[in-house]
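Colleague: For reference, the sequence and a predicted model appear below.
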Amino acid sequence: MSTKSSYKPYRPGPKDMCLCGSGQKFRNCCRNLLPGTDIGNRTREMMGAQRWLRAIKHGRADVAQYTIWHRSHTLPGVLRDSRLRHGFLMDIDIEALSEYVEILMGAYAQYGWLNKLPEALDRLRENILDPRWQRKISYQRAICALWQDDNDRARQEIAPLLPITPADEDVDLLQLHVDIHRDQMGLSEKIAFYERIVELTSSSSDKLQYGGAHAVELLLAGDDAGAIAKFDEVIALGRRLEEDAPLSTTAEIWFCKSLELRSAVAKDWPLIDEIVARLRKIADTPETLTSAGRTMVIQSIGDAYRYAGLHMQALQAYHEAFAIQPHLAIHIFEADSELRRGQVDEAFRLIRSVAVDKLDSAERADHAFIFFAIALARRDRQSLADARELLKAAESPAPYFNMLRLQYIVKVDEAIEAFDANRQLPGVGPVLLALQTISRYVTLQPNISGVGVNLNALIDDFVAKAVENARRAQDETPTYPPAERE
């Protein structure tokens, strides 16, 4: 009997659980919606029209359809010859089905069904019988946890996949691993992951984010020249990408971060006008940003001005950012600008108004450093003693900040000793010079939601990448006669 005559396409029974993860029977779910060779088209159309429930229904049908193809064509071959498990057809199926699942995840999230996603993803574990598929599901469940702002659950989801190394080829998993475990990594390990992600990713936003993060690591390691060269490389890449297509909101923000820090480290002040113009354009399109995101963008305008020594403009931007969302960390940088303007009392009032226990570790380092500079300028023993306690408590995951913190503890001890012995205190000038460019370097560190972009915009970026990858995988998928595929 020929292969053609013995071929029997896989088809779920009417009472079988549907292959889309809905938990419903096939007859009540995707049986009459299977897209055949038009896979993905209706889902993209419904998502473009923001008809999220229809997008979910068609997205489910895409997942079911691709699983049927996999079980009709690839799986029988693998069962006959286990060597095919690592062949190109299995690779394509895992990648393509994963992208259709991620498009479906976007529709769930936009419709407000994030709480239903983990269970739906669990039901999809059996769609492809391969450990690499299980890794994809764990990754997707971790993404769902991050969308729900649950970092602990995200760590739990990918814990079974450890160790993850830069040799891995799954760029999404590499990115997720770095986002979750960055603070536990050494310098060379982080840079290896950043370089691998930039090498593998097709996302402009990812290339700019992780390229910039690489430059920041060099900066924090004391390699200013290397950092400037890397920032130049990232900026050149951003300009090339922009020639091909407008940058997304997230990509634009990461690009501006590299411009901002390159300007600060190299004292390249002509970049300030470009940075402010780009950030102002983002801030004036608030539909893509949360309030926190718009606050962050305008605060970055203030930072750019502050680095350039334009403190009145910096203060205006900080006041505007604080009016949108009164995040107390903004007062830290207002205090820095006021100190540099010679307004020591106003700087002290601002820095004292900050509730330290509400700050994250990077903000606590900034607060302690600037408090120390203000205390030194005040020539006040109690302020110096307070600065010492703040510096002792402001431990940071970044070795650079910890080294600086320890140096300042020694300096504040020397200042108190000089005060008690009625000797001249050290000048504040050198401290201010050292502080001029260190503040907020850590904000460029990768974080999947750390740029303040609206969750919907993050999901849109996630889905856009999945759509592009699904199209690429579909182009690589062998074609079958429609009768066989359907």
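Modeller: In hand now; what should we look at?
Colleague: Please make it C-alpha for all contacts and neighbour counts, starting now.
Modeller: OK.
Colleague: lowest average confidence, helix or strand, in this structure?
Modeller: Between all helices and strands in the chain, the lowest mean by mean pLDDT, DSSP states H and E belongs to helix 482-485, at a mean of 39.
Colleague: which of the residues in the longest helix belonging to the chain are buried?
Modeller: Looking across the chain with DSSP state H, the single longest helix is helix 88-111. Across helix 88-111, burial judged by 16 or more other Cα atoms under 10 Å covers 89-90, 92-111.
Colleague: One more: stretch 121-141?
Modeller: For stretch 121-141, by 16+ other Cα under 10 Å, it's 121, 123-125, 127-128, 133-141.
Colleague: residues of stretch 339-355 that come out buried?
Modeller: Buried residues in stretch 339-355 (16+ other Cα under 10 Å): 339-340, 344, 347-348, 350-351, 354.
Colleague: Among those residues, which one lies nearest to residue 167?
Modeller: Relative to residue 167, the closest of those is residue 354; by Cα to Cα it sits at 43.9 Å.
Colleague: who touches that closest one in this structure?
Modeller: 328-329, 331-332 (Cα atoms under 8 Å, 6 or more residues apart in numbering).
Colleague: Can you show me the strands along this protein?
Modeller: In the chain, no strands are found when defined by DSSP state E.
Colleague: what's the domain layout of it?
Modeller: Here the chain is described, according to automatic domain parsing, as comprising the domains 3-136+456-477, 163-268.
Colleague: Now tabulate those in TSV and tack on distance to residue 390.
Modeller: Shown next, in TSV, are those (distance: least, Cα to Cα, whole Å):
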stretch	distance to residue 390
domain 3-136+456-477	36
domain 163-268	21
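Colleague: Among those domains, which comes closest to residue 319?
Modeller: Of the domains of the chain, nearest to residue 319 by Cα to Cα is domain 163-268, at 19.6 Å.
Colleague: how long is that closest one from one end to the other?
Modeller: 41 Å (Cα to Cα, to the nearest Å).
Colleague: same check, this time on stretch 14-30
Modeller: 10 Å.
Colleague: Quick check, residue 401 in contact with residue 366.
Modeller: No. Residue 401 is not in contact with residue 366 according to Cα atoms under 8 Å; the separation is 9.1 Å.
Colleague: just to revisit the earlier point, helices and strands around the longest helix of the chain, which ones?
Modeller: Here helix 88-111 touches helix 52-69, helix 131-147, helix 455-476, going by 3 or more Cα pairs under 8 Å, 6 or more residues apart in numbering; DSSP states H and E.
Colleague: okay, those helices, which one's buried deepest?
Modeller: Ranked by mean neighbour count, the helices and strands packed on helix 88-111 are led by helix 52-69 with a mean of 25 (mean count of other Cα atoms under 10 Å).
Colleague: any idea of the angle that one forms with helix 88-111?
Modeller: Angle of helix 52-69 versus helix 88-111, following axes from the mean of the first three to the mean of the last three Cα atoms, to 10 degrees, is 170 degrees.
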